[in-house]
Every structure is written in C-alpha cells, then in structure tokens.
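1. The amino acid sequence is not available; the structure is as follows:
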C-alpha cells in the first residue's frame, strides 16, 4: 500500500548531517563524500543555494533529502549543481572520438578510439548525488524515482537559474574495492596517485589535472583491454538510471570522466520531458476527484529548509488552478492561493 504521507522531500539542513553521512557510505563520490569534514561545506553551500544567499545562480548547489517522517531520518538524497565548470574549477573531461586508419599497401583497416582531454569554464548544469538507502529501494512509493524526479521539478520551477544543458555523469564498472581500470592505465602513470587519492584531491583542487595530465591524444588501442572496456560504459548499479535518462531526453555525449571513464549523459534543458511536463498553478480549495493521478508536488517556502515537495494526488482544473489531497497540502504547508508546481508520475 502506498503511504505518501509518510515521506517528504526538502532542502538539506544541518540536522541531516548524520543521515547524509550514512547515505554517503553507499556512494562516496565527489558530490557526496563519505567524509564528515568534506560534507560540512556541501551542506552549507546547499543552504546558501536554497535560501538565495549565494547570489550567483551558477555557483548554487541544491542538495535534496528524502525524509521518512515515521522513522525520523533521511533515507535518500540527490543534488543539482548550478553550473559545472568555472574559472576557479573547470569542467574536465575526455572527449571520445573515432579515428579511421587504412593502409593500401597492406590492405589493413582500423578504427581507433581516441581520448582527448578537454576543459570548460562555462559548462552545463549537473545533476548527481543520487542515493537511496538499500532498505528503501523497493518501496511501493517508488522513492528512488521521487528523489530523482524532484531535481527536474525544481529546475522547471527556477528555469532562469540553470544552464541550457543538463549533464549527468554515470558510474562505470568498478572493482569491488573501487579500483578504476582506466585510472590504473592512465591517471596513475601521470600523477603517481591512487584513484581514491586523486578523487579526494579533485574535490578541493583540480589544478593538478591540468598540470600533470597529457595534453595530446591518447589512443585507447594502447591501453589494457580491461581499461578499454570501461570507457563510456555504464556500471551495473547505474543501468537503471541510464535507461531513465534516455527516456526523458538524455543521450551519451561521447564524453567521459577522465578518472574512471564513466559516461556523460547530456540533454538540452528545455527538451527534457519531465521539465516540459511540470505545471505551475494556484492551489484551489477542496479535494481532487478520487481518480486524480499521482504527482510530485513542490513549493518554495520563506524559511529553512526553503523548499518542500511530496507525492500526492492532484487535479488540474480548467481555470488553471489545481486541487491536491489533504495529506499533500499538509506536507507542503500550503493554503488556498499558494503557488504549487506539479510533475506527473508514471
């Protein structure tokens, strides 16, 4: 049985620190590190992003938490980075291209994958940091979908604050101990660092990448087979995410992470179907009809946590207003006349 009243999504606050660290154990990425010292500035940046204290939208970060009101703990998280790539922190990637070679003398033909490092100082909006606690991954409420979809609802609500394209970087196949075969074949030779060491350093400073990585082309043909196999491949744990992204308008961009080879999926912001489907309306009195469909509903609020969302039944009326069920109304703390944004759920 679906119990939407049990869960809410909101902006992260300092009260979620311990729960966020617990969730980080299942990912431990640049965006969600399993490190208390590194987590603190992420929470602070998110609070400044939601509150608008950070005046430049390109520098804003928004960390969402899915909160179990019954158990009183955050059980999922996701985030939006306003712009990936600035002068003080460039967006760094490997472009993956094909190069054809033919010898008439030998009648030999080859197609090589070629990696070329690139830097952007005016990159796309990034979505990432998607984690669900394992105990909640198969819930009837489809909680993983909710914490993923809320990012597109929020972008639609604040479209002017985000870039023309949205990027999602997916994890490639990694060994059980986190070893990246691409890093072992390339990055380690140019930095003398382990994958984990370089990943941690890149959270604070990316200068070493430009200073030490090769500026020319790298032929994947020269790399060990295990390294070649992970370039642009989606890891087993993220195959479901890749399918979702493709359904809503994302495509592999022939671009990968220079550390682990994880694929970059990109979509024009205004062509993402979930953003196109998001509607904004004024809350009308009364309950929706019994057959009303399930939506993810969200609104900005004037104080911490600055944003709230939940799932609930919603009816869009002919006059442009909407009715939502009483549980959703209470979760959003919304009265008649409040502005609500709604994204239909499958």
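-> Everything's here; your move. The structure displayed is predicted, hence computed values, not measured ones. Residues are numbered from 1 along each chain as shown.
2. quick one: low-confidence parts of the stretch 151-300 of the chain?
-> Regions of the stretch 151-300 of the chain meeting the criterion pLDDT under 70 are absent.
3. Run a quick neighbour tally on residue 108.
-> Residues within reach of residue 108, counting by other Cβ atoms under 10 Å, total 9. The C-beta positions use only the backbone N, C-alpha and C, and glycine is treated the same way.
4. quick one: it from residue 100, how far?
-> Distance of residue 108 to residue 100, computed by Cβ to Cβ, to the nearest Å: 12 Å.
5. same deal with residue 134?
-> 46 Å.
6. Show me how the protein divides into domains.
-> Per automatic domain parsing, the domain ranges recorded for the chain read 85-121+175-232+247-273, 276-344.
7. Surely residue 1 and residue 140 touch.
-> Yes. Using Cβ atoms under 8 Å, residue 1 is in contact with residue 140, at 6.6 Å.
8. what about those two, which has more around it?
-> residue 140 (8 against 4).
9. In space, what's closest to that one - neighbours in sequence excluded?
-> Using Cβ to Cβ, 6 or more residues apart in numbering and skipping residues adjacent in sequence, the residue nearest residue 140 is residue 2, 5.2 Å away.
10. just checking, the one you found is part of a strand?
-> No. Counting by DSSP: H, G, I helix; E, B strand; the rest coil, residue 2 is not part of a strand but coil.
11. May I ask which helix or strand encompasses the residue nearest the centre of the chain?
-> Centroid-nearest residue in the chain: residue 128, 2.0 Å away (criterion: Cα atoms, centre = their mean). Assessed by DSSP states H and E, residue 128 sits inside strand 125-132.
12. Pairing partners for that strand, with directions?
-> Paired strands of strand 125-132, with direction, are strand 73-81 (antiparallel), strand 165-169 (parallel) (DSSP bridges).
13. Out of these, the one nearest residue 223 is which?
-> strand 165-169 (20.5 Å; Cβ to Cβ).
14. what's the closest of the domains of the chain to residue 46?
-> Short answer: domain 276-344, nearest of those by Cβ to Cβ, at 9.4 Å.
15. what about stretch 243-251, distance to the chain center?
-> Put simply, stretch 243-251 sits 13 Å off its chain's centre (Cα atoms, centre = their mean, to the nearest Å).
16. And stretch 39-57, by the same measure?
-> With Cα atoms, centre = their mean, you get 16 Å for stretch 39-57.
17. List the buried residues of it.
-> For stretch 39-57, the neighbour count (16 or more other Cβ atoms under 10 Å) marks 39, 42-43, 45-47, 49-51, 54, 57 as buried.
18. Could you tell me which of those residues are located in helices?
-> Counted as lying in helices by DSSP state H, out of those, are 39, 42-43, 45-47, 49-51.
19. CSV for those residues, including pLDDT and distance to residue 85?
-> Shown next, in CSV, are these (pLDDT from 0 to 100; distance: Cβ to Cβ, whole Å):
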residue, pLDDT, distance to residue 85
39, 90, 23
42, 93, 18
43, 95, 23
45, 95, 16
46, 97, 19
47, 97, 23
49, 97, 17
50, 97, 22
51, 96, 24
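20. Between these, which sits nearest residue 96?
-> Nearest to residue 96 out of those is residue 42 (Cβ to Cβ; 29.7 Å).
21. what sits against residue 341?
-> Applying Cβ atoms under 8 Å, 6 or more residues apart in numbering to residue 341 gives the contacts 153, 156-157, 278-280, 297-299.
22. can you rerun that using 7 Å?
-> Applying Cβ atoms under 7 Å, 6 or more residues apart in numbering, we find residue 341 in contact with 153, 156-157, 278, 280, 298-299.
23. Now do the strands in the stretch 101-250 of the chain.
-> With strands called from DSSP state E, counting those that start in this stretch, the stretch 101-250 of the chain shows them at 108-120, 125-132, 165-169, 217-219.
24. Which among the ones you listed is found nearest to residue 176?
-> Short answer: strand 125-132, nearest of the strands of the stretch 101-250 of the chain by Cβ to Cβ, at 18.2 Å.
25. buried sites along the closest one?
-> Under the neighbour-count criterion of 16+ other Cβ under 10 Å, strand 125-132 has 125-132 buried.
26. Repeat that for stretch 135-150.
-> If you call a residue buried by 16+ other Cβ under 10 Å, then stretch 135-150 has these buried ones: 136, 139, 141-144, 146-150.
27. cool, stretch 85-103 as well?
-> Of the residues in stretch 85-103, 85-86, 89-94, 96 count as buried by neighbour count, 16+ other Cβ under 10 Å.
28. residues in contact with the residue lying closest to residue 337 once chain neighbours are set aside?
-> Residue nearest to residue 337 in three dimensions, not counting chain neighbours: residue 282, with 6.0 Å by Cβ to Cβ, 6+ apart. The contact partners of residue 282, by Cβ under 7 Å, 6+ apart, come to 321, 337, 339.
29. Noted, bye for now.
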